[in-house]
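Q: This is a predicted model, with the sequence first.
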Amino acid sequence: MQHLVAPSLLAANFLRLEEDIRMVNRSEADLFHVDVMDGHFVPNISFGFSIIRQIRSVATKPLDVHLMISEPDRYLEDFRDAGADWLSVHYETCAHLHRSIQRIKSLGMKAGVVINPHNPVSLLSDILPEADHVLLMSVNPGFGGQAFIDSTYNRIRTLHEMKKSLNPGLLIEVDGGVDLQNAPGLVEAGANILVAGSSIFRSDDPAATITRLRRKHPQVPG
């Protein structure tokens, strides 16, 4: 399959958010990536339910909502009701991860697991058969615009090998410091979805940057 591109709205211009959303609608992007931060699990605060509902009212592509929050299980149905199509929870925040993933799927959303850069992807072996996607953080979560962590390439390769036997349909998503320079290597390593924020919204032509990210490498390892 060709890899997907998910612009991260955390890097959009909030004074013209609707304009940026409509740009993504018209672009070759596949998803909207929406980061939710609570100021507890990560040292920042971002979108809440009301903002997600407003994004959903304008967006014509699926919302890929990434929960960087403590106790995510309390809010799964609320995020579904706000408009999430895909919902990802952190390995680090879920005491009963299988239950969380099963609940997300029962609510009609695609279920994802996120793992931070310092944790080995081997920790996910038992949950991979249940997940629709895994989001590998290629920066420490909490802020946009951080420098990409180079060990991500090997983490993608390891996860790509794991999924062959455990869940061949699993999508591997990468978030953090993704740009036109590292995108080809990420896709070559096995990434299926590239989340990009600053490299898109701070470029001179965001829609053209999305197109370049989308076409940078036409094939993903099978």
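A: Cool, the structure landed. Residues are numbered from 1 along each chain as shown.
Q: CA only for contacts and neighbour counts going forward, please
A: Fine.
Q: Do a quick rundown of the helices in this protein.
A: 17-26, 49-58, 76-82, 97-106, 152-166, 183-189, 198-201, 206-215 (DSSP state H).
Q: Just the C-alphas of the fourth one, formatted as PDB.
A: What follows is helix 97-106 as a C-alpha-only set of coordinates in PDB (Å, rounded to 0.1, in the frame of the first residue of the first chain):
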ATOM      1  CA  LEU A  97      -4.500  -2.000  27.700                       C
ATOM      2  CA  HIS A  98      -6.500  -4.900  26.100                       C
ATOM      3  CA  ARG A  99      -9.700  -3.700  27.800                       C
ATOM      4  CA  SER A 100      -9.000  -0.100  26.500                       C
ATOM      5  CA  ILE A 101      -8.400  -1.300  22.900                       C
ATOM      6  CA  GLN A 102     -11.500  -3.500  23.000                       C
ATOM      7  CA  ARG A 103     -13.600  -0.700  24.300                       C
ATOM      8  CA  ILE A 104     -12.400   1.700  21.600                       C
ATOM      9  CA  LYS A 105     -13.300  -0.800  18.900                       C
ATOM     10  CA  SER A 106     -16.700  -1.600  20.500                       C
END
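Q: Give me the residue ranges of this protein where confidence is low.
A: Flagging of the chain using pLDDT under 70 yields the residue ranges 1, 143-145, 216-222.
Q: go again using 50 as the cut-off
A: 218-222 (pLDDT under 50).
Q: Distance check, Pro43 against Ser8.
A: According to C-alpha to C-alpha, to the nearest Å, Pro43 and Ser8 sit 18 Å apart.
Q: swap in Ile69?
A: According to C-alpha to C-alpha, Ile69 stands 17 Å off from Ser8.
Q: quick one, which of these two is more surrounded?
A: Neighbours were tallied for Ile69 and for Ser8 using other C-alpha atoms under 10 Å; the higher tally belongs to Ser8 (25 against 22).
Q: Who are the contact partners of the more buried one?
A: 32-35, 195-197 (C-alpha atoms under 8 Å, 6 or more residues apart in numbering).
Q: can you redo those residues as CSV with neighbour count and distance to Glu92?
A: Output for those, formatted as CSV (neighbours: other C-alpha atoms under 10 Å; distance: C-alpha to C-alpha, whole Å):
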residue, neighbour count, distance to Glu92
Phe32, 27, 23
His33, 23, 20
Val34, 25, 19
Asp35, 25, 16
Val195, 28, 20
Ala196, 29, 23
Gly197, 25, 23
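Q: Out of the residues you listed, which sit inside strands?
A: 32-35, 195-196 (DSSP state E).
Q: Throw the residues you listed into a markdown table and include distance to Leu128, thanks.
A: Converted to a markdown table, the ones in strands among the contacts of Ser8 look like this (distance: C-alpha to C-alpha, whole Å):
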| residue | distance to Leu128 |
| --- | --- |
| Phe32 | 23 |
| His33 | 21 |
| Val34 | 23 |
| Asp35 | 22 |
| Val195 | 20 |
| Ala196 | 24 |
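Q: Can you tell me which of those residues is closest to Thr60?
A: Relative to Thr60, the closest of the ones in strands among the contacts of Ser8 is Phe32; by C-alpha to C-alpha it sits at 9.3 Å.
Q: Quick check, that closest one in contact with Pro7.
A: Yes: with contact defined as C-alpha atoms under 8 Å, Phe32 counts as touching Pro7 (5.6 Å).
Q: Right, I'll leave it there.
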